[in-house]
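Student: Fold the stuff below for me.
(one chain, ligands or ions: 1)
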Amino acid sequence: MTGNLLVRGGRVLQGDELVEADVLVRDGVIAAIGRIEPLEGMTIEDATGLIVLPGMIDPHVHVGWPGAADDFAAGSRAALAGGVTTFIEFAVQFPGDALDDVVKEWKRMGEASACDFALHAIVSDSRPETLEAMARVMDAGVTSFKMFMTSQHSGGLGVDDGTLYDIMCRVAELGGLSMAHCENDEVIGHLSERLIADGVVTAAGHSAARPPLVEAEAIARAVRLADAAGSPFYIPHLSSGEGLRAALLDTGRRVPVIAETCPQFLALTADVYARADGAHYVMSPPIKSTEDQATLWAGVIDGRVSTVGSDHCPYPRRFKDENAASDFRRIPNGVPGVETLLPVMYTLGVRTGRMTLADLARICSLNPAKIFGLEDRKGSIAVGKDGDLVLFDPDRRFGTAASDLNSEIDYSIYEEMELWGMPVATVAAGTIVAREQRIVDDAHRGRFLARTPGVALSEFDRRVVAA
Ligand SMILES: [Zn+2]
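Tutor: Numbering: from 1, shown residues only. You can find the predicted model right below:
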């Protein structure tokens with residue numbers, strides 16, 4: 001249920017500027033921006049002293065993955081508490097599943113979501129019925145398709161190069177966007193066996209089995225295949241400098257290639273894998289070196305990296321710790337992230353002077369909206385767009401202890417880090433759903449967002465020529 005919400009007295013992000021203005025949201029949609037006199041029936045929210053940002057869009061979460069701690073309900077609450085008002089979840093075609101049923105099932109699960117959501121589809125085969133279903137899935141508003149190039153941690157979802165190419169050709173035919181988890185399956189398997197034989201069994205082995213080469217080789221291969229297929233290509237969770245160079249090397253290709261990185265790659269380094277609780281940081285690709293981190297930051301700042309997605313996929317401590325001392329291959333992959341996306345990017349991006357607030361809003365809201373076909377409704381504060389706002393206090397600390405967070409997870413990967421920037425209130429479609437890291441409206445439900453393919457994707461392609 002939505003009425004009229006008037007956010008008064010804040011400084012509202014408009015383009016590159018912060019403008020003193022009120023924002024009126026009527027029936028979930030922004031109706032006016034400027035000096036607005038309150039009228040009877042309006043809910044007034046005082047934003048004096050606060051910055052008003054568009055709701056963040058996390059293009060990469062897992063809130064339906066079997067065994068993970070957060071389902072749609074918990075994951076979306078975590079998102080809203082952290083200022084993310086829209087996320088894009090992956091609907092997973094496990095081997096043998098019918099793709100239509102998968103998307104229907106994920107939409108059904110999404111009815112529990114407290115924030116708006118869209119779906120990518122993870123495709124795990126190129127059977128004729130799957131390729132046919134992809135057209136119907138596109139019509140249903142799921143216009144991006146991700147394939148796993150490795151089976152090592154994905155529960156057997158990996159596809160061979162032929163299957164990957166077939167699916168990319170179909171995506172090209174349908175006008176969608178291909179994505180791939182780019183890591184070299186055989187090298188990981190080979191190095192893992194050797195490490196285990198040498199007695200390197202803890203999280204350090206997970207990291208050692210996945211040097212930057214593993215990512216860069218798979219990216220180079222996937223980009224070639226996507227180009228041959230004629231499909232625009234999006235690289236999720238880019239983790240290494242070598243990977244970034246492989247992604248954007250100008251080989252004369254015709255298709256745009258777009259890169260996403262994750263907050264954990266920008267905030268942490270591979271040192272975490274030497275810690276006693278290193279298993280808590282196990283994800284694929286793993287967190288890399290200080291040099292990789294510096295290259296990724298440079299890419300975020302100069303536009304070679306277009307988006308930041310959290311890859312939110314937390315597992316409770318007991319699952320993480322179960323095999324942590326005996327076999328890193330059996331540690332579930334994934335870390336929490338959707339709730340801390342905005343404060344991490346604010347603290348390490350804006351507060352350090354690396355970027356402006358407008359840059360942050362572009363990378364964490366406008367770019368994903370454009371790339372994933374949500375720009376008509378999301379991505380900026382403008383009349384006619386959804387009333388998704390973050391009333392933001394940059395000078396307040398964001399609580400990073402597990403007890404401060406809404407995610408159903410019993411640890412925090414940022415516990416020891418000082419994060420700044422408090423979403424004093426998160427507004428979803430004109431309803432105040434969270435205040436100061438706590439959900440205040442349990443009844444609010446998000447909507448499934450049927451997407452159209454993103455346009456002008458070449459705007460995000462930043463090719464580099466090898467030196
Ligand atoms: Zn992921």
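Student: So, low pLDDT: which residues of the protein?
Tutor: 1-3, 467 (pLDDT under 70).
Student: What segments of it are helices?
Tutor: Assigned by DSSP state H, the chain shows helices spanning 72-81, 99-109, 128-139, 161-174, 185-197, 203-208, 212-229, 241-248, 263-267, 290-302, 317-322, 341-345, 357-361, 367-371.
Student: Of those helices, which is nearest residue 149?
Tutor: Minimum separation from residue 149 across the helices of the chain (C-beta to C-beta) falls at helix 212-229, 5.0 Å. All C-beta spots, glycine's among them, are computed from the backbone N, C-alpha and C.
Student: buried stuff in that closest one?
Tutor: 212, 214-223, 225-227, 229 (16 or more other C-beta atoms under 10 Å).
Student: Also stretch 65-72?
Tutor: Buried residues in stretch 65-72, defined by neighbour count with 16+ other C-beta under 10 Å: 65, 68, 69, 70, 72.
Student: Please apply the same query to stretch 440-447.
Tutor: Buried, per 16+ other C-beta under 10 Å, within stretch 440-447: 444, 445, 446, 447.
Student: Check stretch 411-431 too.
Tutor: 411-414, 417, 419-431.
Student: Then stretch 231-244?
Tutor: In stretch 231-244, counting by 16+ other C-beta under 10 Å, buried: 231-244.
Student: okay, how far is it across that stretch, tip to tip?
Tutor: Start and end residues of stretch 231-244 are separated by 19 Å (C-alpha to C-alpha, to the nearest Å).
Student: Stretch 266-277 now?
Tutor: 20 Å.
Student: Now the two most distant members of the buried residues of stretch 65-72.
Tutor: 69 and 72 (12.4 Å).
Student: list the contacts for residue 382?
Tutor: Residues counted as contacts of residue 382 (C-beta atoms under 8 Å, 6 or more residues apart in numbering) are 30, 33.
Student: Phi, psi for it please.
Tutor: phi -150, psi 150 (degrees, to the nearest 10).
Student: any chance of the buried residues of stretch 440-447 in TSV, with distance to residue 171 too?
Tutor: What follows is the buried residues of stretch 440-447, written out as TSV (distance: C-beta to C-beta, whole Å):
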residue	distance to residue 171
444	34
445	31
446	26
447	25
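Student: So which of those residues belong to strands?
Tutor: If you go by DSSP state E, the buried residues of stretch 440-447 have nothing in strands.
Student: Name the nearest of these relative to residue 42.
Tutor: residue 444 (18.6 Å).
Student: Is that closest one in contact with residue 116, as I believe?
Tutor: No - Residue 444 sits out of contact with residue 116 when judged by C-beta atoms under 8 Å, with a separation of 10.5 Å.
Student: which residue sits closest to residue 381 in space, ignoring its chain neighbours?
Tutor: residue 54 (5.1 Å; C-beta to C-beta, 6 or more residues apart in numbering).
Student: how close does that neighbour sit to residue 347?
Tutor: Distance, residue 54 to residue 347, by C-beta to C-beta, to the nearest Å: 19 Å.
Student: ok, these two, which is more surrounded?
Tutor: residue 54 (27 against 22; other C-beta atoms under 10 Å).
Student: give the contact list for the more buried one.
Tutor: Applying C-beta under 8 Å, 6+ apart, the residues near residue 54 are 13, 361, 365, 366, 378, 379, 380, 381, 385, 388, 389, 390.
Student: beta partners for it?
Tutor: residue 389 (DSSP bridges).
Student: measure it to residue 296 for me?
Tutor: Applying C-beta to C-beta to residue 54 and residue 296 gives a distance of 24 Å.
Student: ok, the residue lying closest to residue 166 once chain neighbours are set aside to residue 136 distance?
Tutor: Excluding its sequence neighbours, the residue lying closest to residue 166 (C-beta to C-beta, 6+ apart) is residue 126, at 3.8 Å. Residue 126 sits 16 Å away from residue 136, going by C-beta to C-beta.
Student: Which one's more surrounded, the two?
Tutor: Applying other C-beta under 10 Å to residue 126 and residue 136 shows that residue 126 carries more neighbours, namely 20 against 12.
Student: Just to check, that one is in contact with residue 168?
Tutor: No - judged on C-beta under 8 Å, residue 126 makes no contact with residue 168 at a distance of 9.6 Å.
Student: Could you give the number of residues near residue 363?
Tutor: 23.
Student: Quick check: closest non-adjacent residue to it.
Tutor: Closest to residue 363 by C-beta to C-beta, 6+ apart is residue 308, at 5.7 Å.
Student: which residues pair with that neighbour across the strands?
Tutor: Beta-bridge partners of residue 308, as defined by DSSP bridges: residue 261.
Student: contacting residues for it?
Tutor: 260, 261, 262, 263, 266, 300, 341, 345, 363, 364.
Student: okay, those in JSON lines with distance to residue 28 next?
Tutor: JSON lines is the format used below for the contacts of residue 308 (distance: C-beta to C-beta, whole Å):
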{"residue": "260", "distance to residue 28": "28"}
{"residue": "261", "distance to residue 28": "32"}
{"residue": "262", "distance to residue 28": "30"}
{"residue": "263", "distance to residue 28": "29"}
{"residue": "266", "distance to residue 28": "33"}
{"residue": "300", "distance to residue 28": "31"}
{"residue": "341", "distance to residue 28": "23"}
{"residue": "345", "distance to residue 28": "26"}
{"residue": "363", "distance to residue 28": "25"}
{"residue": "364", "distance to residue 28": "21"}
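Student: among these, who's most crowded?
Tutor: residue 261 (30 neighbours).
Student: pretty sure it contacts residue 304?
Tutor: No - contact criterion C-beta under 8 Å: residue 261 and residue 304 do not qualify, at 10.0 Å.
Student: and the gap between residue 232 and residue 175?
Tutor: Residue 232 is 9 Å from residue 175, by C-beta to C-beta.
Student: Let me see the contact set for residue 439.
Tutor: 77, 80, 81, 114, 406, 433.
Student: go with 10 Å
Tutor: 76, 77, 78, 80, 81, 114, 406, 426, 433 (C-beta atoms under 10 Å, 6 or more residues apart in numbering).
Student: what do you get for residue 151?
Tutor: 124, 157, 158, 159, 160, 185, 188, 189.
Student: cool, residue 87 as well?
Tutor: When contacts are taken as C-beta under 10 Å, 6+ apart, residue 87 is in contact with 56-63, 72, 75-76, 78-80, 113, 115-118, 309-310, 312, 338, 341, 368, 446.
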